[in-house]
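Peer 1: Provided below for reference: sequence and predicted model.
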Amino acid sequence: MAHGSGPDGKPHEAGPGAAVSAPEPASDEALCRAVARGDEAAFDALVERYRERAYRLAWSILRDREEARDASQEAFIRLYRTAGRFEGRARFSTWFYRILVNLCLDQRRRSRWWRRLLSGSDDTDLAEVPAVSEAPNDPGQEQVVKRLWEAVERLSPQQRAVVILQVQEELPTAEIAAVLKCSEPTVRVHLHRALTALRRTVGTSGRSDAPSGRSDAPSGGT
């Protein structure tokens, strides 16, 4: 690579210690197109980028560690098999989250959660459930956060998915609608009902349009 010129006017080469700018990382969309061509390294890169986010989102809906791992792993398998269907009209994350959320909702419908509910058993330890917001220093606020998160547990899967996609993944309404395959007004209805229930539980109203902070599920990955 030429770097300036010498006294004779001819360009001279950069020395071995010269800094070389690192190449820009490939976009998610470019990696997905590469996966469609059978590029294993591109698939590994997407898994690395989305492993934790996929697990957290699946856990947020299913509330079961093993089921969340299964759903997130299946989502990556679907990604590998159907990457050629990604047309690029939406962001890769929207397309992938749609696959994952649909898998989670299908799995929840097939699961036997209602048997645990009727028997009164619950394998979820609330002490292990992460807070919706950053851990507060005020003990009174800690109680509010705990009650808020317990209320999140009682939301319907669709309402919970809307809240998590907006708060944790910071997706706009249009992209949430694309992920859930519903209209934007339906997303707003789910969000309104969810926030109404949460505010009723914690005894607040009109403080904000969404819970503050980001929810981080237990680490598990795929």
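Peer 2: Happy to help now that I have it.
Peer 1: Which helix runs longest in the chain?
Peer 2: helix 40-62 (DSSP state H).
Peer 1: now it: mean pLDDT?
Peer 2: Averaged across helix 40-62, pLDDT comes to 93.
Peer 1: need the strands for the chain, in chain order.
Peer 2: Ranges of strands within the chain are 2-5, 11-13, based on DSSP state E.
Peer 1: Over to residue 171: give its phi and psi.
Peer 2: phi -80, psi 140 (degrees, to the nearest 10).
Peer 1: Tell me, how many residues neighbour residue 200?
Peer 2: Residue 200: 11 surrounding residues under other Cβ atoms under 10 Å. Just so you know, the C-beta spots here come from the backbone N, C-alpha and C atoms, and that holds for glycine as well.
Peer 1: picking that back up, give me the buried stretch members for the longest helix of the chain, please.
Peer 2: Neighbour-count burial for helix 40-62 flags 42-43, 45-47, 50-62 (criterion: 16 or more other Cβ atoms under 10 Å).
Peer 1: helices or strands next to it in the packing?
Peer 2: helix 28-36, helix 65-82, helix 92-110, helix 157-167 (3 or more Cβ pairs under 8 Å, 6 or more residues apart in numbering; DSSP states H and E).
Peer 1: ok, of those, where does mean pLDDT dip lowest?
Peer 2: Ranked by mean pLDDT, the helices and strands packed on helix 40-62 bottom out at helix 157-167, with a mean of 84.
Peer 1: and that helix, what does it pack onto?
Peer 2: Applying 3+ Cβ pairs under 8 Å, 6+ apart, one finds that helix 157-167 contacts helix 40-62, helix 92-110, helix 173-180, helix 184-202.
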